[in-house]
Structures are given as C-alpha cells and as structure tokens.
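Enquirer: need a 3D model of the sequence below.
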Amino acid sequence: QVQLVESGGGLVQPGGSLRLSCVASGPIFSIRAMAWYRQAPGNQRELVASITSSGTTTYADSVKGRFTISRDNAKNTVDLQMDSLKPEDTAVYSCNAKLKRLPVLPQQNYWGQGTQVTVSS
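Expert: Numbers count the residues shown, from 1 in each chain. All right, here's what the predicted structure looks like:
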C-alpha cells in the first residue's frame, strides 16, 4: 500500500531553519502533485506549499520568501526548506500527494502522519 513518511521536524529558535522531507513508497504509477500542509492547535489545516510534477510551485503568503519546496520525481520525495522561522510557524506539518496507483485508477489523495515543528526560544 502507498505510504507517505515525513521526517525532519523538531524544536528550533526563532530565526532558525529546518528541513522537512517526505518520501512516498508503495505501488505508485504517477504523482501529479506533492504538498505540505500544516495545522496549529485550534486552527484549520492550511496549505503551506505545493509542487507539481513539472516543478510549478505555490506558496502561502505567510511563508513566501522564507520557505522553499522541492521535489525529486525519480525518488518520489518532496522537501520543505524552512528559513527565518517564526513562532507562528509552529504546527504539525503533513505531507500530501495526489497520485495514481495504476493508470486505470482515479487520482487519490494520500497523507503522511505529520511531524511537529515548534519555533520557540
């Protein structure tokens, strides 16, 4: 079965950096887009950044210029480089992939288990 596994979360001081990584494994035919979402306590889950198979990226306004999403199509991985972190970036970050397991199957959404990012002094 398809699995998305994240790594790289942790505690960092304001102004610091973290790099999140996510790898998709299992029976995968194609991945159209990969993305990072986050959810802080009491808030709705929000899109942080996304990237298509052709490399087109989108970012939430709150992270533009600070976060960079990248992807390795051959390895089915997506990374999120987070710089100049702020306390308001504290959240559980989850990886998302829109993929097909087989050519005849419809595209489906898959999620990782999430990784905690805490920005605090």
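
Enquirer: contacting residues around the nearest residue to L4 once chain neighbours are set aside?
Expert: Nearest residue to L4, sequence neighbours excluded (C-beta to C-beta, 6 or more residues apart in numbering): G112, at 3.8 Å. In this view, the C-beta of every residue, glycine as well, is placed from N, C-alpha and C. By C-beta atoms under 8 Å, 6 or more residues apart in numbering, the contact list for G112 reads 4-6, 22, 94-96.

Enquirer: of the residues you listed, buried ones?
Expert: 4, 6, 22, 94-96 (16 or more other C-beta atoms under 10 Å).

Enquirer: which pair in the contacts of G112 spans the largest distance?
Expert: The most widely separated members of the contacts of G112, counting by C-beta to C-beta, are V5 and N96 (12.8 Å).

Enquirer: picking up where we left off before, give me phi/psi at the residue nearest to L4?
Expert: Dihedral angles of G112 (phi, psi; degrees, to the nearest 10) stand at phi -80, psi 180.

Enquirer: that one and G16: what is the separation?
Expert: 23 Å (C-beta to C-beta, to the nearest Å).

Enquirer: with V2 instead?
Expert: 33 Å.

Enquirer: report the central residue of the chain.
Expert: W36 (2.4 Å; C-alpha atoms, centre = their mean).

Enquirer: what is that one paired to in the beta sheet?
Expert: According to DSSP bridges, the residues that bridge with W36 are A49, C95.

Enquirer: surely it is in contact with T68?
Expert: No: assessed by C-beta atoms under 8 Å, W36 is found out of contact with T68, at 10.9 Å.

Enquirer: quick check: neighbours shared by the two?
Expert: Common neighbours of W36 and T68 (C-beta under 8 Å, 6+ apart) are 49, 80.
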